[in-house]
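Trainee: Dropping a prediction and its sequence here:
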Amino acid sequence: IAWPLEGRYKAQDCFFFYAGALIFAQMYALTGERKYLTRGAIPFADKIIADHIRADGAFGTSAPTEDSHHVNRKGGLAGVFVNDDGIGVALLAVYAVTGDSRYLDAAVGSADFWTRATEAPAALAVYPCVALLLADVYRLTGDRKYLPRITEYVRKTLSLQYRSPREPFLHGAYIGEDMAKAYDPKSCPTDYVDLRITSYALMALAKVAAEKPAQWGCAYSCFGWPTSARK
(Lines give C-alpha, C1' and ligand atoms only; values in the text may rest on other atoms or scores of the structure.)
Protein backbone atom coordinates (compact mmCIF):
# COMPACT_ATOMS: atom_id res chain seq x y z
CA ILE A 1 0.00 0.00 0.00
CA ALA A 2 1.41 3.41 -0.92
CA TRP A 3 0.61 7.01 -0.05
CA PRO A 4 2.96 8.75 -2.52
CA LEU A 5 2.05 12.30 -1.55
CA GLU A 6 2.88 11.52 2.07
CA GLY A 7 5.94 9.43 1.33
CA ARG A 8 4.50 6.46 3.23
CA TYR A 9 4.59 2.84 2.16
CA LYS A 10 3.35 -0.32 3.84
CA ALA A 11 4.22 -3.86 2.82
CA GLN A 12 0.79 -5.46 2.82
CA ASP A 13 -0.95 -7.86 0.46
CA CYS A 14 -4.62 -6.83 0.42
CA PHE A 15 -7.28 -8.91 -1.31
CA PHE A 16 -8.90 -5.95 -3.02
CA PHE A 17 -5.78 -5.22 -5.08
CA TYR A 18 -6.71 -8.21 -7.22
CA ALA A 19 -9.90 -6.56 -8.43
CA GLY A 20 -7.49 -5.06 -10.96
CA ALA A 21 -7.94 -8.29 -12.92
CA LEU A 22 -11.06 -6.63 -14.36
CA ILE A 23 -9.02 -3.83 -15.91
CA PHE A 24 -6.40 -6.23 -17.24
CA ALA A 25 -9.11 -8.38 -18.83
CA GLN A 26 -10.66 -5.35 -20.48
CA MET A 27 -7.28 -4.13 -21.71
CA TYR A 28 -6.59 -7.54 -23.22
CA ALA A 29 -9.98 -7.55 -24.93
CA LEU A 30 -9.46 -4.06 -26.32
CA THR A 31 -5.84 -4.38 -27.44
CA GLY A 32 -5.19 -8.09 -27.96
CA GLU A 33 -1.92 -7.71 -26.05
CA ARG A 34 -1.38 -11.00 -24.23
CA LYS A 35 0.73 -9.40 -21.52
CA TYR A 36 -2.45 -8.00 -20.01
CA LEU A 37 -3.76 -11.55 -19.79
CA THR A 38 -0.65 -13.49 -18.78
CA ARG A 39 0.96 -10.90 -16.49
CA GLY A 40 -2.18 -9.33 -15.07
CA ALA A 41 -5.63 -10.86 -15.40
CA ILE A 42 -4.76 -14.53 -14.93
CA PRO A 43 -2.23 -14.16 -12.07
CA PHE A 44 -4.58 -11.83 -10.22
CA ALA A 45 -7.57 -14.13 -10.68
CA ASP A 46 -5.54 -17.17 -9.65
CA LYS A 47 -4.47 -15.34 -6.49
CA ILE A 48 -8.12 -14.75 -5.57
CA ILE A 49 -8.96 -18.42 -6.07
CA ALA A 50 -5.89 -19.65 -4.19
CA ASP A 51 -6.17 -17.41 -1.13
CA HIS A 52 -9.59 -15.87 -0.76
CA ILE A 53 -12.35 -18.46 -1.26
CA ARG A 54 -13.90 -20.05 1.82
CA ALA A 55 -15.47 -23.46 2.13
CA ASP A 56 -18.95 -21.88 2.03
CA GLY A 57 -18.17 -20.21 -1.30
CA ALA A 58 -17.83 -16.69 0.06
CA PHE A 59 -14.81 -14.53 -0.59
CA GLY A 60 -13.10 -14.03 2.73
CA THR A 61 -11.02 -15.58 5.46
CA SER A 62 -11.69 -18.18 8.14
CA ALA A 63 -9.87 -16.21 10.85
CA PRO A 64 -10.45 -12.44 10.65
CA THR A 65 -8.20 -10.51 13.02
CA GLU A 66 -9.91 -7.12 13.06
CA ASP A 67 -13.07 -5.29 12.07
CA SER A 68 -13.10 -3.09 8.99
CA HIS A 69 -15.49 -1.91 6.30
CA HIS A 70 -14.45 -5.03 4.37
CA VAL A 71 -14.74 -7.77 7.00
CA ASN A 72 -16.08 -8.34 10.54
CA ARG A 73 -14.66 -10.54 13.28
CA LYS A 74 -18.05 -11.54 14.71
CA GLY A 75 -21.58 -12.38 13.63
CA GLY A 76 -23.07 -14.44 10.85
CA LEU A 77 -20.91 -12.73 8.24
CA ALA A 78 -17.66 -13.01 10.22
CA GLY A 79 -14.69 -13.37 7.92
CA VAL A 80 -16.67 -12.67 4.74
CA PHE A 81 -15.37 -9.92 2.50
CA VAL A 82 -18.76 -8.24 2.63
CA ASN A 83 -17.46 -5.39 0.50
CA ASP A 84 -15.31 -7.28 -1.98
CA ASP A 85 -14.28 -4.18 -3.95
CA GLY A 86 -15.10 -5.99 -7.15
CA ILE A 87 -13.11 -9.23 -7.01
CA GLY A 88 -16.28 -11.15 -7.89
CA VAL A 89 -16.93 -9.27 -11.11
CA ALA A 90 -13.18 -9.35 -11.80
CA LEU A 91 -13.32 -13.15 -11.85
CA LEU A 92 -16.26 -13.00 -14.24
CA ALA A 93 -14.26 -10.68 -16.48
CA VAL A 94 -11.32 -13.08 -16.57
CA TYR A 95 -13.73 -15.91 -17.38
CA ALA A 96 -15.08 -13.76 -20.22
CA VAL A 97 -11.70 -13.52 -21.93
CA THR A 98 -10.34 -16.99 -21.11
CA GLY A 99 -13.36 -19.28 -20.99
CA ASP A 100 -11.82 -20.92 -17.90
CA SER A 101 -14.75 -22.17 -15.83
CA ARG A 102 -12.76 -21.98 -12.57
CA TYR A 103 -13.28 -18.24 -12.52
CA LEU A 104 -16.98 -18.49 -13.28
CA ASP A 105 -17.47 -21.18 -10.64
CA ALA A 106 -15.74 -19.08 -7.99
CA ALA A 107 -17.87 -16.03 -8.73
CA VAL A 108 -21.06 -18.10 -8.78
CA GLY A 109 -20.05 -19.65 -5.46
CA SER A 110 -19.88 -16.19 -3.90
CA ALA A 111 -23.20 -15.18 -5.47
CA ASP A 112 -24.80 -18.36 -4.13
CA PHE A 113 -23.44 -17.57 -0.67
CA TRP A 114 -25.26 -14.25 -0.74
CA THR A 115 -28.55 -15.91 -1.68
CA ARG A 116 -28.21 -18.01 1.50
CA ALA A 117 -27.01 -15.26 3.84
CA THR A 118 -29.47 -14.59 6.67
CA GLU A 119 -27.72 -11.69 8.39
CA ALA A 120 -28.11 -8.17 7.01
CA PRO A 121 -24.75 -6.48 6.32
CA ALA A 122 -23.91 -3.60 8.62
CA ALA A 123 -21.76 -1.72 6.10
CA LEU A 124 -24.06 0.17 3.75
CA ALA A 125 -21.85 -0.01 0.65
CA VAL A 126 -22.29 -3.78 0.73
CA TYR A 127 -25.79 -3.56 -0.70
CA PRO A 128 -24.96 -2.07 -4.11
CA CYS A 129 -21.60 -3.89 -4.19
CA VAL A 130 -23.25 -7.32 -3.84
CA ALA A 131 -26.04 -6.33 -6.22
CA LEU A 132 -23.40 -5.60 -8.88
CA LEU A 133 -22.06 -9.15 -8.66
CA LEU A 134 -25.48 -10.78 -8.48
CA ALA A 135 -26.72 -8.86 -11.51
CA ASP A 136 -23.85 -10.12 -13.65
CA VAL A 137 -24.23 -13.68 -12.40
CA TYR A 138 -27.97 -13.60 -13.08
CA ARG A 139 -27.40 -12.36 -16.62
CA LEU A 140 -24.77 -15.05 -17.23
CA THR A 141 -26.72 -17.96 -15.76
CA GLY A 142 -30.36 -16.92 -16.14
CA ASP A 143 -30.99 -18.43 -12.69
CA ARG A 144 -33.88 -16.56 -11.09
CA LYS A 145 -32.80 -17.50 -7.56
CA TYR A 146 -30.64 -14.36 -7.57
CA LEU A 147 -33.55 -12.00 -8.21
CA PRO A 148 -34.99 -11.80 -4.65
CA ARG A 149 -31.65 -10.78 -3.17
CA ILE A 150 -30.97 -8.34 -6.01
CA THR A 151 -34.38 -6.77 -5.42
CA GLU A 152 -33.83 -6.58 -1.66
CA TYR A 153 -30.40 -4.99 -1.93
CA VAL A 154 -31.42 -2.56 -4.65
CA ARG A 155 -34.36 -1.39 -2.54
CA LYS A 156 -32.03 -0.90 0.41
CA THR A 157 -29.70 1.09 -1.83
CA LEU A 158 -32.54 3.30 -3.04
CA SER A 159 -33.51 4.01 0.57
CA LEU A 160 -30.07 5.58 1.07
CA GLN A 161 -30.54 8.26 -1.57
CA TYR A 162 -30.13 11.75 -0.18
CA ARG A 163 -32.86 14.11 -1.36
CA SER A 164 -32.43 17.79 -0.72
CA PRO A 165 -33.18 20.09 -3.69
CA ARG A 166 -31.83 23.01 -1.68
CA GLU A 167 -28.39 21.35 -1.83
CA PRO A 168 -27.94 20.67 -5.56
CA PHE A 169 -24.37 19.49 -5.11
CA LEU A 170 -25.58 16.63 -2.88
CA HIS A 171 -29.15 16.10 -4.05
CA GLY A 172 -29.60 12.62 -5.51
CA ALA A 173 -26.35 11.19 -4.15
CA TYR A 174 -26.21 8.38 -1.58
CA ILE A 175 -25.38 8.32 2.11
CA GLY A 176 -23.22 5.74 3.83
CA GLU A 177 -19.58 6.36 4.73
CA ASP A 178 -18.52 3.03 6.16
CA MET A 179 -15.31 4.52 7.59
CA ALA A 180 -17.14 7.31 9.41
CA LYS A 181 -15.62 6.47 12.81
CA ALA A 182 -12.13 6.71 11.35
CA TYR A 183 -12.81 10.29 10.28
CA ASP A 184 -14.80 11.38 13.30
CA PRO A 185 -15.41 9.02 16.27
CA LYS A 186 -18.62 10.88 17.05
CA SER A 187 -20.11 10.38 13.61
CA CYS A 188 -21.95 7.49 11.97
CA PRO A 189 -22.17 6.25 8.35
CA THR A 190 -25.43 8.02 7.59
CA ASP A 191 -23.94 11.40 8.52
CA TYR A 192 -22.12 11.48 5.20
CA VAL A 193 -22.99 11.67 1.54
CA ASP A 194 -20.35 9.40 0.09
CA LEU A 195 -18.80 9.23 -3.38
CA ARG A 196 -17.92 5.55 -3.06
CA ILE A 197 -21.40 4.26 -2.26
CA THR A 198 -22.86 6.71 -4.79
CA SER A 199 -20.64 5.19 -7.49
CA TYR A 200 -21.60 1.64 -6.49
CA ALA A 201 -25.26 2.63 -6.43
CA LEU A 202 -25.25 4.22 -9.88
CA MET A 203 -23.54 1.22 -11.44
CA ALA A 204 -25.86 -1.28 -9.76
CA LEU A 205 -29.02 0.66 -10.56
CA ALA A 206 -27.93 1.09 -14.17
CA LYS A 207 -27.59 -2.69 -14.52
CA VAL A 208 -31.01 -3.32 -13.02
CA ALA A 209 -32.60 -0.65 -15.22
CA ALA A 210 -31.03 -1.92 -18.46
CA GLU A 211 -33.60 -3.25 -20.91
CA LYS A 212 -31.17 -3.89 -23.77
CA PRO A 213 -27.60 -5.28 -23.84
CA ALA A 214 -26.29 -1.97 -25.15
CA GLN A 215 -27.54 -0.25 -22.00
CA TRP A 216 -25.44 -2.45 -19.73
CA GLY A 217 -22.34 -0.54 -18.64
CA CYS A 218 -18.85 -2.03 -18.57
CA ALA A 219 -18.05 -0.74 -15.07
CA TYR A 220 -17.80 -3.58 -12.53
CA SER A 221 -19.09 -6.02 -15.12
CA CYS A 222 -18.09 -8.73 -17.56
CA PHE A 223 -20.60 -7.23 -20.00
CA GLY A 224 -20.57 -4.00 -21.95
CA TRP A 225 -17.19 -4.53 -23.59
CA PRO A 226 -15.95 -6.83 -26.38
CA THR A 227 -14.84 -10.37 -25.52
CA SER A 228 -14.45 -13.60 -27.46
CA ALA A 229 -14.86 -16.27 -24.78
CA ARG A 230 -18.06 -15.08 -23.14
CA LYS A 231 -21.12 -17.16 -23.99
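Mentor: Done, it's in.
Trainee: What count of nearby residues applies to I53?
Mentor: The burial metric for I53, expressed as a neighbour count using other Cβ atoms under 10 Å, is 18. Any C-beta I mention is one placed from the backbone N, CA and C, and that applies to glycine too.
Trainee: ok, it touching D105?
Mentor: No. Using Cβ atoms under 8 Å, I53 and D105 do not qualify as a contacting pair, with a distance of 9.7 Å.
Trainee: Check the secondary structure at the closest residue to W225 other than its chain neighbours for me.
Mentor: Using Cβ to Cβ, 6 or more residues apart in numbering and skipping residues adjacent in sequence, the residue nearest W225 is C218, 4.3 Å away. Under DSSP: H, G, I helix; E, B strand; the rest coil, C218 falls in the coil class.
Trainee: Surely C218 is in contact with A210?
Mentor: No. The pair formed by C218 and A210 falls short of the contact definition of Cβ under 8 Å, at 11.9 Å.
Trainee: per-residue confidence at the most centrally placed residue in the chain?
Mentor: The structure's the chain has its C-alpha centroid closest to G86; by Cα atoms, centre = their mean the separation is 3.1 Å. At G86, the pLDDT value in this model is 93.
Trainee: could you measure it against A131, distance?
Mentor: 12 Å (Cβ to Cβ, to the nearest Å).
Trainee: between the two, what contacts are shared?
Mentor: Common neighbours of G86 and A131, counting by Cβ atoms under 8 Å, 6 or more residues apart in numbering, are absent.
Trainee: any low-confidence regions in the chain?
Mentor: Low-confidence regions of the chain, defined by pLDDT under 70, span residues 1-3, 10-12, 65, 67, 228-231.
Trainee: Now do the helices in it.
Mentor: 21-31, 35-36, 42-51, 87-98, 101-116, 126-141, 147-159, 180-183, 195-209 (DSSP state H).
Trainee: before we move on, the earlier item: nearest residue to the residue nearest to the centre of the chain in space, ignoring adjacent ones along the chain?
Mentor: In this structure, G86 finds its nearest non-sequential neighbour in A19, 3.9 Å apart by Cβ to Cβ, 6+ apart.
Trainee: That neighbour: neighbouring residues, count only.
Mentor: Neighbourhood size, A19 [other Cβ under 10 Å]: 20.
Trainee: check contacts around it.
Mentor: By Cβ under 8 Å, 6+ apart, the contact set of A19 is D84, D85, G86, I87, V89, A90.
Trainee: Those: which two are farthest apart?
Mentor: Across these, no pair lies farther apart than D85 and V89, at 9.9 Å, counting by Cβ to Cβ.
Trainee: So between the two, which is more surrounded?
Mentor: Taking other Cβ under 10 Å, D85 and V89 do not tie; V89 has more neighbours (26 against 23).
Trainee: Could I get the phi/psi values of the closest residue to that one other than its chain neighbours?
Mentor: Ranked by Cβ to Cβ, 6+ apart and with sequence neighbours excluded, the top spatial neighbour of V89 is Y220, at 4.9 Å. Y220 has phi and psi values of phi 50, psi 50 when expressed as degrees, to the nearest 10.
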